[in-house]
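Asker: using only what follows, build the 3D model:
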Amino acid sequence: MIAWVAVILIAVAVLVAVALAVLYLRRSVLQREGGFDMCMRVGSQQGWAGGWVFGIGRYRGEQLEWFRTFSFAPRPKRSFRRGELAVNSRRVPDSEEDYELPAGHVVLGCAVGPTTVEVSMTEPASTAFLAWLEAAPPGGHLVR
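Answerer: This is a model prediction of the structure:
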């Protein structure tokens, strides 16, 4: 009886280790392909700090792809076309968000059509994000 319990516990430990290794490798591949840490919340309400989800952003031509950090999915959870994305505001995280977001992140309020999206990233990543938006082809949608 004890031998079976030991085998089951070892199997569970191996499965957990494999799952963690896959998540680590996925993150490493995304980071190597130009990814950067980017938290997101969609449809946020003013004054409510919940709903932030950790992820990795990656530029692919005219698209910004966003992958959840703790997901095994090979495809992005969200994808935004550069021409449909506009930055409306920039701020530092409020006191509640300081506990939810990584240190040194700034929050950008964006509009994607009628949807409000807030993204959080480091200062250098936000500068690169704004430069990517402004580098749209002539006649494209610029930052407001």
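Asker: now do the lengthiest helix in the chain, average pLDDT.
Answerer: Secondary structure of the chain per DSSP state H: the longest helix is helix 2-32. Taken as a whole, helix 2-32 has a mean pLDDT of 83.
Asker: same for it, what does it pack against?
Answerer: If you count contacts as 3 or more C-beta pairs under 8 Å, 6 or more residues apart in numbering; DSSP states H and E, helix 2-32 packs onto strand 55-60. Just so you know, the C-beta spots here come from the backbone N, C-alpha and C atoms, and that holds for glycine as well.
Asker: make it 10 Å
Answerer: Counting contacts by 3 or more C-beta pairs under 10 Å, 6 or more residues apart in numbering; DSSP states H and E, helix 2-32 is packed against strand 36-37, strand 55-60, strand 63-68.
Asker: other SSEs contacting the shortest one?
Answerer: Right, the one you point to is strand 36-37. Going by 3+ C-beta pairs under 10 Å, 6+ apart, strand 36-37 lies up against helix 2-32, strand 55-60, strand 115-122, helix 123-134.
Asker: try it again with 8 Å
Answerer: Using 3+ C-beta pairs under 8 Å, 6+ apart, strand 36-37 sits against strand 55-60, strand 115-122, helix 123-134.
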